Structures are given as C-alpha cells and as structure tokens.
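>>> Based on what follows, work out the 3D shape:
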Amino acid sequence: MKIIVYSPHPLQVKYLREWEEDNNIEVEVIEESLNDEDIKKLEDADGVVLTVANKIEDQMYQQFADYGIKQLSITSVGYDQINLEKADQAGLVVTNTPNYSPESIAEFTIMMILKLLKKDSEIQKDIQNKDFRFSENKLGQTLRGKTVGIYGLGSIGYLVAQGLNRFGVKIIATTPHPKIYAKNIVEFVEFDELLEKSDIISVHAALVDENYHQFNKDAFSKMKDGSFIINTSRGGLIDTKALLGAIANGKIAGSALDVYENEDGLYGKNNPDYNDEIFDQLLENPKVDMYNHVAYFTKTALDNQIKFALGNALEVIETGDSENRVN
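The predicted structure follows:
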C-alpha cells in the first residue's frame, strides 16, 4: 500500500516518517502543490493526503477516481478549498482532521485577546523606538467583567470559553449545535444578541456559503461601541472592508486577526509578491493586530495533523468510510 502526501510542511516530514514506520505503509512525499503533472503519480498509489496549500481544479476529482483513489484526506479542520459536489460525483470520501490540536488555537486566541486589550503592539513599537513613557496609546483595559461572545462553539470555541471563564468574564455564544455540557459556563444566544451584548467577539466557525461575510457592515453596526473582534477561523467570515470602516469610525476599538479573506499566496511565503491595498491597510492599522494564520502552529499540531490525516486515509482505504468524513 502507498499513500501520497502533497506539499506537507517540511517540519511535518519527520512525524510522517514515524507514522510510516509504525504502520508499515509506504508514504511518498511530493514537495510541490498538486498540479497537472504530479497528479499522475497517483497511478500507483492507494490514497492521498492534501494540505491547505493544495488547490484542486474541478477536473481533478474525476482524475483521482480514474486512478483508483477512493478518498481525499485533508490535514486541516477547514475544507472550504474542496468542491464537495465534485468529490461526490467522483465517488470520493473527503475527510478532515477536526481535533488535531484545538488547544493550540484556543491558547493562541486567548493570547491575542489579552495582547489586544493590553495594547501590546503599541508597547512593543514604542519600546523599539526607545519611547518608555506611559502615554495614552499604551493605556490598556482589563478583561475581568467583560462579556465575551463566541461565534461557533465547537471544540476550539469551547476551549476558549473554558480558558476565559477563569478571568471572570461572562461568556455568550451563537452556534448551530449548542452543547448541553457547555451550559455551565456559556449562555446561548441568537446572533443579533451576540452582537449587541459582547464587548469582545471571538470567531470560531467553519466557512460555508451561508456565513460568508457574516460579520459585515450591518453586523458591525449592531455591535457595542468600542468592542473588539478576534478571528482565528476563516478570513471569509469577516468583510474586511466593513471591518476597516467600523474601526475608522470608532465603532470597533480594535481587532486581532490570524486569518484574512484573501490570504492565498500570502501566508506561508517569504516576501510574497502581491498587490492588495486592503491587506496593506490591515498591516498598517495600529488598531489591528495581524498574524499569519499561525495560531495552529505548534509541534503537537504538526504531529497530529499529518498522522491523523494519514490515519483517515488508511481508514477509508480499508473500510470505505471514516468517522471524520465531511461529505
């Protein structure tokens, strides 16, 4: 048996080799992203694992099937780069890795919230300029007593709620599937109530057609004056132009973003060549803390991502299905 992995992170290869040895299954690494030439290497393969760097052209789904591939295993939680309809038509089982390390992202989210409230970016900027005054631009806020709204209470959102609960905040959440066990620390509310009552909103939802630009001009207008918004899920959940407008008019006091709706070709690269005025506005805005989709990036996450994805591929090859199937 052979499974091919397209464009894994170089730091994941050692974990991949550990899985290969433990399971006595050949794993071939293709360093490049999936393309018309490298897809031909699937001719003698039994399974395939794809990282988020891979974009699948519509005609490729049937090519997978023609090569005898039965599944597509994605190393991330999100799978919005996959055309599920095309996958279904080709008879492919698509799996994701929903629990590779929710702690990594939840911890990073809490750090982002604290750094945003405490004006860390302003402090660090002034220190670099040897400005050690206690000036107003460095005047922070306390977290205790605030209301934090969580949009999407999956495993990551719930861990964020658990962590923030110890800071003495009130936690409310909007989610399609409220969890009974979360009711001891979370009050479930409708989306408009989340907007109206939250001092801080933290976004932890998958991106689907129905919630694209969920946080748009209308949503920001309903948020509390001087509130904050954090996003560590998918950039397309926030209308970036609307966010910048809400910050400019003072409605939103600040934002911390680990994702951006047009990040393709940016994150993961060194000095990328791009022409994106909106992205530049985010980078230059003193009220926006920008991160490069790095919240997940821990040793634990890299290890689990690749091993869980390989395990999903193997499960489908052997049984025809997987508990992590998304289509």
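
>>> Export only the CA atoms of the longest helix seen in the chain, formatted as CSV.
In terms of residue count, the longest helix belonging to the chain (DSSP state H) is helix 299-319. Written as CSV, here are the backbone C-alpha positions of helix 299-319 (Å, rounded to 0.1, in the frame of the first residue of the first chain):
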residue,chain,number,x,y,z
LYS,A,299,4.7,20.8,17.5
THR,A,300,1.7,19.0,18.7
ALA,A,301,-0.5,20.3,15.9
LEU,A,302,2.0,19.4,13.1
ASP,A,303,2.5,15.9,14.5
ASN,A,304,-1.3,15.3,14.9
GLN,A,305,-2.3,16.9,11.6
ILE,A,306,-0.2,14.6,9.4
LYS,A,307,-0.7,11.5,11.5
PHE,A,308,-4.5,11.9,11.8
ALA,A,309,-4.8,12.7,8.1
LEU,A,310,-2.8,9.6,7.2
GLY,A,311,-5.0,7.6,9.6
ASN,A,312,-8.1,8.9,7.9
ALA,A,313,-6.8,7.9,4.5
LEU,A,314,-6.0,4.4,5.7
GLU,A,315,-9.4,4.0,7.4
VAL,A,316,-11.2,4.9,4.2
ILE,A,317,-8.9,2.6,2.1
GLU,A,318,-9.6,-0.3,4.4
THR,A,319,-13.3,0.2,5.4
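
>>> What is the burial count for His40?
Rather than His, residue 40 is Lys. 11 (other C-beta atoms under 10 Å). C-beta: built from backbone N, CA, C; applies to glycine.

>>> I'd guess it is in a helix, am I close?
Yes. Lys40: assigned to a helix according to DSSP: H, G, I helix; E, B strand; the rest coil.

>>> where does it land on pLDDT?
Lys40 carries a pLDDT value of 95.

>>> contacting residues around the residue most central in space within the chain?
Nearest to the mean C-alpha position of the chain, counting by C-alpha atoms, centre = their mean, stands Ser233 at 3.4 Å. Neighbour list for Ser233: 78, 152, 156, 203-207, 259 [criterion: C-beta atoms under 8 Å, 6 or more residues apart in numbering].

>>> Out of those, list just those in helices.
Per DSSP H, the contacts of Ser233 map to helices at Ile156.

>>> Any chance of TSV for the contacts of Ser233, columns pLDDT, neighbour count and distance to Glu318?
Formatted as TSV, the contacts of Ser233 follow (pLDDT from 0 to 100; neighbours: other C-beta atoms under 10 Å; distance: C-beta to C-beta, whole Å):
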residue	pLDDT	neighbour count	distance to Glu318
Gly78	81	17	26
Gly152	97	23	32
Ile156	94	28	29
Val203	98	25	37
His204	96	28	33
Ala205	94	22	32
Ala206	88	18	27
Leu207	90	19	31
Val259	97	23	34
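
>>> and the two most separated of the contacts of Ser233?
Spatially, the most separated pair among the contacts of Ser233 is Ile156 and Leu207, at 13.9 Å (C-beta to C-beta).

>>> Packing partners of the strand or helix carrying Ala253?
Using DSSP states H and E, Ala253 sits in strand 252-257. Packed against strand 252-257 by the contact rule (3 or more C-beta pairs under 8 Å, 6 or more residues apart in numbering; DSSP states H and E) you find helix 102-117, strand 227-231, helix 240-248, strand 288-290.

>>> after that strand, next one along is what?
Next in sequence after strand 252-257, counting helices and strands by DSSP H and E, comes helix 277-284.

>>> ranges for the strands of the stretch 101-250 of the chain?
147-151, 170-174, 187-188, 200-203, 227-231 (DSSP state E, counting those that start in this stretch).

>>> For Lys115, find the nearest of the ones you listed.
Among the strands of the stretch 101-250 of the chain, strand 227-231 sits nearest to Lys115 (C-beta to C-beta), with 10.3 Å.

>>> Roughly how far does Asp258 sit from Ser202?
Taking C-beta to C-beta, to the nearest Å as the measure, Asp258 falls 11 Å from Ser202.

>>> So for the two, which residues contact both of them?
In contact with both Asp258 and Ser202: 231-232, using C-beta under 8 Å, 6+ apart.

>>> neighbour-wise, which of the two wins?
Neighbour tally, Asp258 and Ser202, criterion other C-beta under 10 Å: the higher count belongs to Ser202, 29 against 25.
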